[in-house]
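1. structure for the following, please:
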Amino acid sequence: MRRAVLVFLVFPPLHELLWAIGCAAPAPASRPSVRAPERSGRAALLEAGEESEATAREAPRDNDPDPGETIDDGVESPSVTEGETRAHPLDGFHQAELEDKLLRDPSALGSISWGQPGAGGLLNGVQMPAGPYHQLADPAHAWGTQETVDGLLHCLGMVAERWPGGVPPYVGHLSARQGGPLNPHVSHQSGRDADVGYYLTSRGRQFGRVTPATMDLKRTWAFVRALITDTDVELILIDEGLQRALRDYARTQGEDADWLAAVFDGVPGRLRPLILHARGHATHLHVRFSSPVARETARRVGPLLARHRLVKEPHRIVTHLARSGDTLALLARRYSTTVESIMQANGLRSTHIRAGKVYRIPARLGPTRPPRATPNPVPRQMVVEKRRLPPPG
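-> Predicted coordinates:
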């Protein structure tokens, strides 16, 4: 008899999650002389969760996603390596003032990205607009932080300015309007993730499989380069075969070899790689922005969000290999969720499930407790990861 593959994740209560984990100081900029152990390649993905969740999904081979699907993510946010400090729009505000703003006009606080990409939410999100330089695949699920949307628009515009013409790429899922689980993804919950199609040499199927021969190398590299140098990008997932083609192209354009190595491989003991491989990314790039302002806002107002019930319970997507005797009601009890949530996460039209098939379960992370009383926060600047710029000249 096949055993069920269970993935259990234990997290602290919501207010602690918001305050300590999900809303911790952002990751893409950096603190002077901060160092973190290097995490690269498969080891980085295993530690982050991408490969481990993909492995749990693999079970029967016929459950592998179609090349056009976007079951792709699960990579957790990496630690800051080298950082710098920046001012935040809420510097100088005390907790009482923040609470007043939150209750009177929450939008005045700007975008708020709380929790982690795989278990979080979004408040005051911004919808990715239509534009001349891209095509929207699903506008209803193209909500992100202000920084995420601004970063995408900036980089798409940079490509169009440098290389006019070409086939505008598709922009797929970012997040739902208020974040949270978004089928069929593991992440995309906090407004910081975006799926973007590769630039193509000719029009092709939306999010179809891409090869070095069908990818528009100059425009795709220009887009990736702009993400790295002009935005607070946290990571970019690209199929390793396409990575090699982009790297070779960048070398022919005179890019600095050491800078390329730092971007693709990282620097042992100093810098993590920004571009990683994950299965399913021969159809699109997965871009994660750090959104330091939105995450720092969440850190500062996290207890208030929980106190006034302005956020939903976070859910982590786990996987379960069904065995004989399993029912949706049994799985809902086991994972502290609902039958309806499981049906929605798997696109089920009935409550029937099949033994031997892997199902996605939006598991609750645990009950909430009243937030602890906290003193007025001492205003401080954000710590963000320093951008990875090539050497001048």
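2. pLDDT below threshold where in the stretch 251-393 of the chain?
-> Low-confidence segments of the stretch 251-393 of the chain, defined by pLDDT under 70: 313-315, 364-381.
3. try 90
-> 269-270, 278-280, 299-320, 322, 325, 332-338, 340-347, 349, 358-385, 392-393 (pLDDT under 90).
4. what about the strands in it?
-> Here the stretch 251-393 of the chain has its strands, by DSSP state E, counting those that start in this stretch, at 275-276, 285-289, 315-321, 358-364, 382-385.
5. would CSV of the ones you listed with distance to L98 and mean neighbour count be doable?
-> Heads up, the C-betas are built off the backbone N, CA and C, glycines and all. Shown next, in CSV, are those (distance: least, Cβ to Cβ, whole Å; neighbours: other Cβ atoms under 10 Å):
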stretch, distance to L98, mean neighbour count
strand 275-276, 36, 24
strand 285-289, 24, 26
strand 315-321, 26, 23
strand 358-364, 27, 21
strand 382-385, 16, 24
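6. columns distance to R219 on top of those, output as TSV?
-> Formatted as TSV, the strands of the stretch 251-393 of the chain follow (distance: least, Cβ to Cβ, whole Å):
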stretch	distance to R219
strand 275-276	17
strand 285-289	12
strand 315-321	33
strand 358-364	34
strand 382-385	26
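7. these: which one's closest to R251?
-> Of all the strands of the stretch 251-393 of the chain, strand 275-276 sits nearest to R251, with 14.5 Å by Cβ to Cβ.
8. quick one on the thing from earlier: out of the strands of the stretch 251-393 of the chain, nearest to T297?
-> strand 382-385 (9.8 Å).
9. got the CA coordinates for the closest one in PDB?
-> Only the C-alpha atoms of strand 382-385 are listed here, as PDB (Å, rounded to 0.1, in the frame of the first residue of the first chain):
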ATOM      1  CA  MET A 382      15.200  49.900   6.700                       C
ATOM      2  CA  VAL A 383      18.000  47.400   6.100                       C
ATOM      3  CA  VAL A 384      17.900  46.300   2.500                       C
ATOM      4  CA  GLU A 385      20.200  44.300   0.300                       C
END
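10. output the contacting helices and strands for the helix or strand containing I236.
-> Using DSSP states H and E, I236 sits in strand 233-237. Secondary-structure packing of strand 233-237 (3 or more Cβ pairs under 8 Å, 6 or more residues apart in numbering; DSSP states H and E): helix 217-230, strand 275-276, strand 285-289.
11. out of the strands of the stretch 251-393 of the chain, flag the one nearest Q116.
-> strand 315-321 (8.6 Å).
12. parallel or antiparallel, which strands does that closest one pair with?
-> Here strand 315-321 is paired, per DSSP bridges, with strand 358-364 (antiparallel).
13. in TSV: the helices and strands packed on strand 233-237, plus distance to V186.
-> Output for these, formatted as TSV (distance: least, Cβ to Cβ, whole Å):
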stretch	distance to V186
helix 217-230	21
strand 275-276	15
strand 285-289	11
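14. and the ones you listed: which comes nearest G197?
-> The nearest among these, by Cβ to Cβ, is strand 285-289 at 7.7 Å.
15. got the buried residues for stretch 231-243?
-> Along stretch 231-243, these residues count as buried under the neighbour rule (16 or more other Cβ atoms under 10 Å): T231, D232, V233, E234, L235, I236, L237, I238, D239, L242, Q243.
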